[in-house]
Structures are given as structure tokens and as C-alpha cells.
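>>> I would like to see how this sequence folds:
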Amino acid sequence: MSHAATIKSCDINVGTTERIISALGGAAILGCGLKQRSGATPILLLVGGLLAARGITGHCDAYEKLNVNTAVPSDEYGVPDQAGFHVEESVEIRRSSAQVYGYWRQLKNLPKFMPHLKSVVETGPKTSHWVVKGPAWRSVSWDAEIINEHPGEMIAWQTLPGAQVQSAGTVRFESLNEGRNTRVTVNLKYSPPARGLGAVTARIFGQAPEQQLQFDLARFKYLLETDSDTSDA
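A predicted model of the protein is given here:
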């Protein structure tokens, strides 16, 4: 009987999204190892095989030893201290801080310049539901809340317990040139499903979070500066 067949449901300690990422990452590394035919090939095949098995079986021996189980939804708000990754990017926009803040604060606008977002629906004065494009044509979703806000200046948020991707951060809107321009600075801290593996796998497919945020802010700048419909936001 194969190892995969012996994995019981009670032995599954890797979440669904993380399993998909592991399987895709393992397949990519295996493919790379088979193509290279170099001294690194055995290592790549070993790592790729382990990741693929992790995704197929849903079991991680290291998680078992550390008493970690990502198959159970997180009960934490935001990102725990000393965990996750940090990204910071800024852009200057030729609009007033009130206009820029007003457009961003209507969260339904975010998918217009963040193409990985499928939708953001406000579920309350401070809460919202986010759906993003995940791996293998699957969606990843979570709920978030605004925890601090100064109109025209700053918005701070964190994800709620059960989030498939834990995140927290702030967006600051700094008025420049006597109010004619605005510097938008995003500080983002996030913990992807694979506790770090997600970021590595994203880089394999050319979607580094740092680059993604740069592109998003560049699209935001273009949208605000060229679309007349945003001037009254």
C-alpha cells in the first residue's frame, strides 16, 4: 500500500490552498530538475518530490513535529509578531490627498487597479470580504476589518480569524506641493498559506509580492491621473 493511501483524514495537517501551492511548486521544481541535467538535479528532484507528496497527501512531517496544523483555520487577527513578510512601496500622484483617499476608501474600487483581486465587498462600516485569484484557477478569500482611520491621511487594517492569507498594514496619504499632489505609502505585512512557501512559489511563477505591489500602485497612479471620473471621488 502506498504512503499516500495510508494518510488518514486525522493525519492531514496542511490546508487546502497550501496543498495546491505545494503540488504546483513541487511540479515546477521537478520540471526544472529534469530539464537542467546538472549536478543540482538530484537535489531539485528530491525537493520537488517532497513538495509534490506534501500537496498530494496533505501531510507534513515537519508540521507534525512542530504541532502545526494549517488545515485548521487560523484564529488570529492580522499577522502574529515575528511572523510573515513585510513589503513597503510608495507612489506620488497628481491629485489631492482627499481625492486619493476617497477613491481608495471605496474598497470596491481596489480591483480596478489590483488585477489579482476578484472583488472586495464591504460587509459593514469597518469590515469587508475579499476574494482573490488563487493558484490553479481557485479563489482565495478572507474577511478584514479597518482598525484605525484618519480621513484623508491613513487607513490601517487587519484580517479576521479564519483568513486563508493573513495580512495587516497601513496606507498613508501624504499631502505634497500645497495639496496638489499626494504620496501614497503602503506598508503591508502578510503570511501566505504556505508560511513562506507561498512567497517562494510565487517567485517561481514570476509574481513576487514586492513587484506586484509596485505594479498595483503604478496602475493606481495612472488611473487617478488620467480618468476624469476619479477627480470627484
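>>> from here on, just use CA atoms for contacts and neighbour counts.
OK.
>>> how many other residues sit next to Asn177?
For Asn177, the count of nearby residues is 9 (other C-alpha atoms under 10 Å).
>>> again, but for Val186
Neighbour number of Val186 under other C-alpha under 10 Å is 22.
>>> flag every buried residue along the helix ranked longest in the chain.
If you go by DSSP state H, the chain has its longest helix at helix 16-36. By 16 or more other C-alpha atoms under 10 Å, the buried positions in helix 16-36 come out as 16-30, 33.
>>> now, which of the residues you listed sits nearest His129?
Thr17 (17.7 Å; C-alpha to C-alpha).
>>> what segments of the protein are helices?
16-36, 41-57, 61-66, 97-105, 197-204, 209-226.
>>> what is the mean pLDDT for the third one?
Per-region confidence: helix 61-66 scores 64 on mean pLDDT.
>>> what does the last one give?
Model confidence over helix 209-226 averages 91 on the pLDDT scale.
>>> got the CA positions of that helix in PDB?
Output of helix 209-226 as PDB, limited to C-alpha atoms (Å, rounded to 0.1, in the frame of the first residue of the first chain):
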ATOM      1  CA  PRO A 209       4.700  40.300  -3.900                       C
ATOM      2  CA  GLU A 210       7.100  43.300  -4.000                       C
ATOM      3  CA  GLN A 211       6.800  43.600  -7.800                       C
ATOM      4  CA  GLN A 212       3.000  43.100  -7.600                       C
ATOM      5  CA  LEU A 213       2.600  46.000  -5.200                       C
ATOM      6  CA  GLN A 214       4.800  48.200  -7.400                       C
ATOM      7  CA  PHE A 215       2.600  47.400 -10.400                       C
ATOM      8  CA  ASP A 216      -0.600  47.900  -8.500                       C
ATOM      9  CA  LEU A 217       0.500  51.400  -7.300                       C
ATOM     10  CA  ALA A 218       1.700  52.300 -10.800                       C
ATOM     11  CA  ARG A 219      -1.800  51.400 -12.100                       C
ATOM     12  CA  PHE A 220      -3.400  53.300  -9.300                       C
ATOM     13  CA  LYS A 221      -1.400  56.400 -10.200                       C
ATOM     14  CA  TYR A 222      -2.300  56.100 -13.900                       C
ATOM     15  CA  LEU A 223      -6.000  55.600 -13.100                       C
ATOM     16  CA  LEU A 224      -6.200  58.600 -10.800                       C
ATOM     17  CA  GLU A 225      -4.300  60.900 -13.100                       C
ATOM     18  CA  THR A 226      -5.900  60.000 -16.400                       C
END
